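> curious how this folds, go ahead:
(one chain, ligands or ions: 2)
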Amino acid sequence: MTGRQAAPGLFISLEGIDGAGKSSHIASLERLFAQAGRAVVRSREPGGTPLAESLRALVLNEPMDPLTESLLVFAARRDHVVQVIRPALARGDVLLCDRFTDATFAYQGAGRGFDLDVLATLERWVQQPDGAGGAALLQPDLTLWFDLAPEIAAERLAGARLPDRFEAQPADFFRRVRAGYAARAAAEPGRFARIDAAASREAVGAAVEAAIRERGWLA
Ligand SMILES: Nc1ncnc2c1ncn2[C@@H]1O[C@H](COP(=O)(O)OP(=O)(O)OP(=O)(O)O)[C@@H](O)[C@H]1O
Ligand SMILES: Cc1cn([C@H]2C[C@H](O)[C@@H](COP(=O)(O)O)O2)c(=O)[nH]c1=O
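Ligands and ions are numbered 1, 2, ... in the order given. Just a heads-up that it's a prediction; the model follows:
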């Protein structure tokens, strides 16, 4: 055999409450990987396919109960996993995703108070290749958690755009969402890197880069 073996696909999700600063760093992450010679796919949830983007518009704007909301985000995710995420990882690409299933546990679970066991069942259905049957659950290789106090996030978002159904929630909702992320990070410390999102843009960017470099993914 000759030549280098192709790098395996890498799945990195960015998480945090609304306004924590995720989107501000996704482009520089893409540049870092591109400079290291990796093909990069950038995506987001809910969304990432035409069908999932249609569901996103409903979830962000139409009134609905927490079960409907959970079913719609997981329906969007299933299409995204099948059409975009698994093919990208199979090609060996780096998939950068603005939110994934931790957001469902944080927003629908901790924020709305929806049943975590039902979410875990939906997670198995959606993230196993053939639905709820045996094979490994698709999860990010790394989750960058942009951790920020809701009060600071609200200041950053103030006047920036018309708030959607989530952004319009009170500070208490975001306190619960933040606690939901903290619980997910505590349960899987190897997958999560907590980024202090209250720091300057430069310091946050450096922390994000360090989290990638220390895993040896830019070598
Ligand atoms: N470290 C920082 N210091 C100060 N302001 C910041 C910082 N990072 C981002 N911002 C500003 O905060 C606002 C929210 O940032 P951004 O859109 O990246 O957050 P987000 O996590 O993607 O939010 P959402 O999930 O609601 O889309 C933007 O106006 C951005 O310019
Ligand atoms: C994946 C996912 C997202 N949400 C919420 C979180 C945000 O308020 C919006 C997405 O907006 P963004 O500007 O792209 O961050 O959707 C959710 O409630 N549940 C989920 O699973």
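> can we go C-alpha only for contacts and neighbour counts from here?
Will do.
> C-alpha coordinates for stretch 52-65, CSV please?
The C-alpha atoms that make up stretch 52-65 are tabulated as CSV, following Å, rounded to 0.1, in the frame of the first residue of the first chain:
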residue,chain,number,x,y,z
ALA,A,52,-35.0,20.7,8.0
GLU,A,53,-34.9,24.5,7.2
SER,A,54,-38.6,24.4,6.7
LEU,A,55,-39.1,22.7,10.0
ARG,A,56,-36.8,25.3,11.6
ALA,A,57,-39.0,28.1,10.5
LEU,A,58,-42.0,26.5,12.2
VAL,A,59,-40.1,25.7,15.4
LEU,A,60,-38.7,29.2,15.8
ASN,A,61,-41.9,31.0,14.9
GLU,A,62,-45.1,29.0,15.5
PRO,A,63,-46.7,28.4,18.9
MET,A,64,-46.7,24.7,19.8
ASP,A,65,-46.5,22.4,22.8
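> just the buried positions in it, please.
Neighbour counts over stretch 52-65 (16 or more other CA atoms under 10 Å) mark 52-53, 55-56, 59-60 as buried.
> with these in mind, which one is nearest to ligand 1?
Set against ligand 1, the nearest of the buried residues of stretch 52-65 by CA to the nearest ligand atom is L60 (11.3 Å).
> same for the helix or strand harbouring that closest one, what does it pack against?
Element membership for L60, per DSSP states H and E: helix 50-61. Helix 50-61 sits against helix 66-80, with contacts defined as 3 or more CA pairs under 8 Å, 6 or more residues apart in numbering; DSSP states H and E.
> how about the helix it packs on, does it reach ligand 2?
Yes. Using CA under 6 Å from any ligand atom, helix 66-80 reaches ligand 2 at V73.
> and the helix or strand just after that helix, what does it pack onto?
As assigned by DSSP H and E, the chain's next helix or strand after helix 66-80 is helix 86-91. Judged by 3+ CA pairs under 8 Å, 6+ apart, helix 86-91 is in contact with strand 94-98.
> residues in contact with the next helix or strand after the strand it packs on?
Counting by DSSP H and E, the next helix or strand C-terminal to strand 94-98 is helix 101-104. For helix 101-104, the surrounding residues in contact (CA atoms under 8 Å, 6 or more residues apart in numbering) are 15-16, 70, 73, 119, 123, 181, 184.
> tell me the buried residues in stretch 144-153?
For stretch 144-153, by 16+ other CA under 10 Å, it's 144-150, 153.
> about what we covered before: can you lay out the contacts of helix 101-104 as CSV showing distance to ligand 1, pLDDT and neighbour count?
Shown next, in CSV, are the contacts of helix 101-104 (distance: CA to the nearest ligand atom, whole Å; pLDDT from 0 to 100; neighbours: other CA atoms under 10 Å):
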residue, distance to ligand 1, pLDDT, neighbour count
E15, 7, 98, 27
G16, 6, 98, 26
S70, 18, 98, 22
V73, 15, 98, 24
L119, 21, 98, 20
E123, 21, 97, 22
Y181, 14, 98, 26
R184, 18, 98, 17
